[in-house]
Structures are given as C-alpha cells and as structure tokens.
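Asker: sequence plus predicted model, see below.
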Amino acid sequence: MGMPRFIAEGAIYHVYCRGNNKVKVFHVGHDYRKYITNLLKYKQMYKFMLYAYSLMQNHLHLLIEPTREGNLSQIMRSLNVSYSIWHNRRYDCVGHVWQGRFQSRIIKDEADFINCMAYIETNPVRAGLAKDPELYKWCSCCERFNSAKTSIIELHPGYIALGETKEERRCVYHEIMFKNGPQA
C-alpha cells in the first residue's frame with residue numbers, strides 16, 4: 001500500500017485511472033454506460049459534484065468535488081471496485097482491471113479548473129476518437145452541449161462565468177479548448 005493521500009476539504013480534483021497494463025477497460029457501449037450508471041449511483045450516495053468526465057478505451061478522467069458525505073478515496077474505491085467486479089464477471093476474467101490506485105491532483109484556481117476541464121474533454125480528440133469533443137458520447141462535453149435529457153454533470157460557476165447564455169459559454173469554451181490546437 002502506498003502513502004496516504006493528501007485530502008483537502010473543499011478541493012476539486014482531476015482524477016485519472018488507467019487500465020492495468022494499459023489494456024482496454026471499456027470494450028463496447030454497454031461498458032461505458034455501466035460506468036456512467038455507477039457514477040450516477042455513487043453521486044447520489046456520496047453527494048459529490050462532477051464537473052467533467054471522459055471515458056476512454058483504456059483510461060478515464062474525472063473532474064470531481066467531494067463533499068462531507070464521502071471523501072475522494074471512498075468515492076473512487078466504490079466506483080472502481082464495483083466496475084472491476086462487474087467487468088470481470090462480464091468478460092469472464094480475473095485480476096486487476098485498474099493499474100494501481102487512481103491518480104489525482106488538486107485544482108489550484110479557476111483558470112486551472114477551466115483548462116483542466118478542457119484537457120479532459122478534448123481527450124477523445126487527441127486520441128483520434130472524435131473530430132470534436134461534442135461528438136464523443138462518453139465525454140461530458142457531449143452531454144453539456146447536446147441537450148441531454150438527463151445530466152450527471154454540474155455546471156461550475158467558473159464555467160457559467162464564461163458567458164451570459166449557453167451559446168456564449170459554448171463559443172468561449174470552444175476557443176479555450178482549441179486555443180493551441182487539440183491539446184497534446
């Protein structure tokens with residue numbers, strides 16, 4: 001077991017997890033939907049805020065703000081253990097699904113928040129899975145801009161401050177996402 005994590009009350013975290021040996025953890029649409037269902041389930045249980053996510057074939061990114069009902073380690077343990085059990089049953093395999101413990105970093109300020117959100121949501125573009133993050137359905141950008149009937153993300157005040165209307169925010173945010181081309 002590694003060193004205990006530094007947990008800051010009221011902090012927002014960029015969390016990322018990679019598949020063990022960089023293998024796929026999401027194979028088909030049903031797998032992605034299962035993880036999103038788990039996100040919703042544990043959001044209700046632990047009352048955390050989810051501002052952005054991107055589920056890739058062999059890893060994932062979350063932009064998450066824990067609340068008093070659950071700390072980051074409890075949340076991620078619940079998400080990743082429940083998905084691992086489900087995944088191993090579904091694919092008749094054993095062993096670790098995730099490569100070690102999840103990784104995280106604390107978001108420093110509002111600019112860091114917006115840049116991190118853009119980094120997470122342009123991940124599918126950098127990986128060559130979509131030409132625009134709005135077109136990748138396993139990413140919060142698709143949910144944010146495509147009038148999803150149900151939403152699992154919250155709009156952070158820093159994001160809302162980008163514009164007076166949904167369309168203004170979309171334009172400003174799109175410029176931020178691609179100011180240096182698809183972020184590498």
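Answerer: Cool, the structure landed.
Asker: and whichever strand or helix holds residue 174, what other elements does it pack with?
Answerer: Per DSSP states H and E: residue 174 is located in helix 166-177. If you count contacts as 3 or more Cβ pairs under 8 Å, 6 or more residues apart in numbering; DSSP states H and E, helix 166-177 packs onto helix 110-121, helix 157-160. C-beta coordinates here come from the backbone N, C-alpha and C atoms, glycine included.
Asker: adding distance to residue 64, mean pLDDT and mean neighbour count, write the ones you listed out as a markdown table.
Answerer: Converted to a markdown table, the helices and strands packed on helix 166-177 look like this (distance: least, Cβ to Cβ, whole Å; pLDDT from 0 to 100; neighbours: other Cβ atoms under 10 Å):
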| stretch | distance to residue 64 | mean pLDDT | mean neighbour count |
| --- | --- | --- | --- |
| helix 110-121 | 11 | 95 | 20 |
| helix 157-160 | 15 | 94 | 14 |
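Asker: in JSON lines, list those helices along with distance to residue 22.
Answerer: Output for those, formatted as JSON lines (distance: least, Cβ to Cβ, whole Å):
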{"stretch": "helix 110-121", "distance to residue 22": "19"}
{"stretch": "helix 157-160", "distance to residue 22": "31"}
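Asker: between those, which gets nearest to residue 141?
Answerer: Among the helices and strands packed on helix 166-177, the nearest to residue 141 by Cβ to Cβ is helix 110-121 (3.9 Å).
Asker: contacts for the helix or strand of the chain with the lowest mean pLDDT?
Answerer: Least confident helix or strand, the chain: helix 140-145 with a mean of 87, by mean pLDDT, DSSP states H and E. Residues from elsewhere that reach helix 140-145 (Cβ atoms under 8 Å, 6 or more residues apart in numbering): 50-54, 120-121, 133-136, 148, 151-153, 155, 170.
Asker: can you pull the buried residues of the helix or strand where residue 85 lies?
Answerer: Here residue 85 sits within helix 72-90, counting by DSSP H and E. Within helix 72-90, the residues that qualify as buried are 72, 75, 76, 78, 79, 80, 82, 83, 84, 86, 87, counting by 16 or more other Cβ atoms under 10 Å.
Asker: again, but for stretch 26-35
Answerer: Under the neighbour-count criterion of 16+ other Cβ under 10 Å, stretch 26-35 has 26, 31, 32, 34, 35 buried.
Asker: cheers, nothing more for now.
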